[in-house]
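In: For reference, the sequence and a predicted model appear below.
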Amino acid sequence: MGGMNLLLHLVIFSAFGDVLGLVVGASLSAMFILGDSSVNCGYNHLYSFLDESALLYRCDGSQTSFLPDLLAEKMGLPEIPPFYGQNGTIEGLLGGLNFGSSPATIMNTGKLGFQSLNQQLRQASETLQLLQLQLGQDKAQQMINSSLFYLSFGKDDYVELFLHDISGLRHRFGAKGFAQVLVNQITRVIKDLYYANVRKIIYMGLGPLGCAPRTVWENSNSTAEINGGKCIDWINEMIIEYNAIVSSSVVDMGMELRDAQIIFCDVYKGMMDIINNPRRYGFENVHSACCGIGRYGGMVGCVSKEVACEEPSTHVWWDFYNPTKAVNTLLAHSIWFGQPLFDICLPISIQQLTSM
């Protein structure tokens, strides 16, 4: 019954969102996306070739959709093209670009196949300069002011750099120190965007990596029960601390930077509500990947369509670390409308932001 009620809610939300998006979207000219594997499934083919656990079947549009793409639909924006797939025309830039790459980290690692936040910022800055050259200073500034910049980083920093501790970063910084290093970089980049006339910014917090299938499989001897679902408490506590630090910094910057609208969205809070109350939202499996092999689907990645489960919409997790389309759809509705997952974004909703 709970699943049927949720489905009815989503149908109503979707219909209302489509109509509202046509109105609200008029005040929003474009969306520019910077991020890691939470916003983009590819473009680092070398990394996928080198990584034996690569999630090669990530881009199946019927089963996976990224949050910014779902939000763009609600805002009445066209599909956001990838930076590396643009056609080189000014028309191809006017709706926005997705600079995201997988994997991508906040920290500059120098590792083969890894892209950094700084690299994506440079690409975005060059794009804004191109807009100024092509449109003229006044029109370009007007467009940039009314564009939304969506940032989603940190997952690959924790998964690739901290948890596996290949470079000794966990020993060097500790959990709180590592979080502060990441947040310092984020705040610098947000300020750089502001000084480039960007005024609407969304920063997405991290989801519950301690509940992700790969994490649980790697730490299967130290799991703790959470409402019947296996999650690694110490990892989730670390993510909560990171989200708290970045949330505080983002809100403070919104007050410090004149006429800027900066929002933090707590993906962890939303996903944990789903994981702790799966039947309320129509889910059945909260800890196993729909597409993966081995215990929890966390041993070998999503290497082909045949590996995927028959009913992805009943799973919280699609692959090692990424939620299913059903979860992202629910998160997108909640980020936009403020329900059924309440109070995910602060200090205002995305709907309010886009109308300013």
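Out: Yep, it's here.

In: Distance of residue 306 relative to residue 284?
Out: Distance, residue 306 to residue 284, using Cβ to Cβ, to the nearest Å: 21 Å. Heads up, the C-betas are built off the backbone N, CA and C, glycines and all.

In: oh, I was asking about residue 145
Out: 45 Å.

In: go on, residue 116?
Out: 38 Å.

In: Same question for residue 295.
Out: 18 Å.

In: Give me the more crowded residue out of residue 116 and residue 284.
Out: When residue 116 and residue 284 are compared on other Cβ atoms under 10 Å, the one with more neighbours turns out to be residue 116, at 19 against 12.

In: my guess is the more buried one meets residue 99, correct?
Out: No. In this structure residue 116 lies outside contact range of residue 99 using Cβ atoms under 8 Å: 11.4 Å.

In: Look at the residue nearest to residue 317 when sequence neighbours are not counted and say how many residues are nearby.
Out: Using Cβ to Cβ, 6 or more residues apart in numbering and skipping the chain neighbours, the partner closest in space to residue 317 is residue 289 (4.8 Å). Around residue 289 there are 32 other residues, counting by other Cβ under 10 Å.

In: Can you name the residues that contact residue 289?
Out: 213-214, 296-298, 302, 315, 317-320 (Cβ atoms under 8 Å, 6 or more residues apart in numbering).

In: Mind checking which of those are in strands?
Out: When DSSP state E is applied, these are split such that 315, 317 fall in strands.

In: can you dump the C-alpha coordinates of the host helix or strand of residue 242 into PDB?
Out: In the assignment (DSSP states H and E), residue 242 maps to helix 233-256. Provided in PDB are the C-alpha atoms of helix 233-256 (Å, rounded to 0.1, in the frame of the first residue of the first chain):
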ATOM      1  CA  ASP A 233      28.800   2.600  10.900                       C
ATOM      2  CA  TRP A 234      32.300   4.200  11.000                       C
ATOM      3  CA  ILE A 235      32.200   5.100   7.300                       C
ATOM      4  CA  ASN A 236      28.700   6.600   7.500                       C
ATOM      5  CA  GLU A 237      29.700   8.600  10.600                       C
ATOM      6  CA  MET A 238      32.600  10.000   8.600                       C
ATOM      7  CA  ILE A 239      30.300  11.000   5.700                       C
ATOM      8  CA  ILE A 240      27.900  12.700   8.200                       C
ATOM      9  CA  GLU A 241      30.800  14.700   9.500                       C
ATOM     10  CA  TYR A 242      31.900  15.700   6.000                       C
ATOM     11  CA  ASN A 243      28.400  16.700   5.100                       C
ATOM     12  CA  ALA A 244      28.000  18.800   8.300                       C
ATOM     13  CA  ILE A 245      31.200  20.700   7.600                       C
ATOM     14  CA  VAL A 246      30.500  21.400   3.900                       C
ATOM     15  CA  SER A 247      26.900  22.300   4.700                       C
ATOM     16  CA  SER A 248      28.000  24.900   7.300                       C
ATOM     17  CA  SER A 249      30.500  26.300   4.900                       C
ATOM     18  CA  VAL A 250      28.100  26.500   2.000                       C
ATOM     19  CA  VAL A 251      25.400  28.200   4.100                       C
ATOM     20  CA  ASP A 252      28.000  30.700   5.400                       C
ATOM     21  CA  MET A 253      29.200  31.500   1.900                       C
ATOM     22  CA  GLY A 254      25.600  32.200   0.900                       C
ATOM     23  CA  MET A 255      25.400  34.800   3.600                       C
ATOM     24  CA  GLU A 256      28.900  36.200   2.900                       C
END
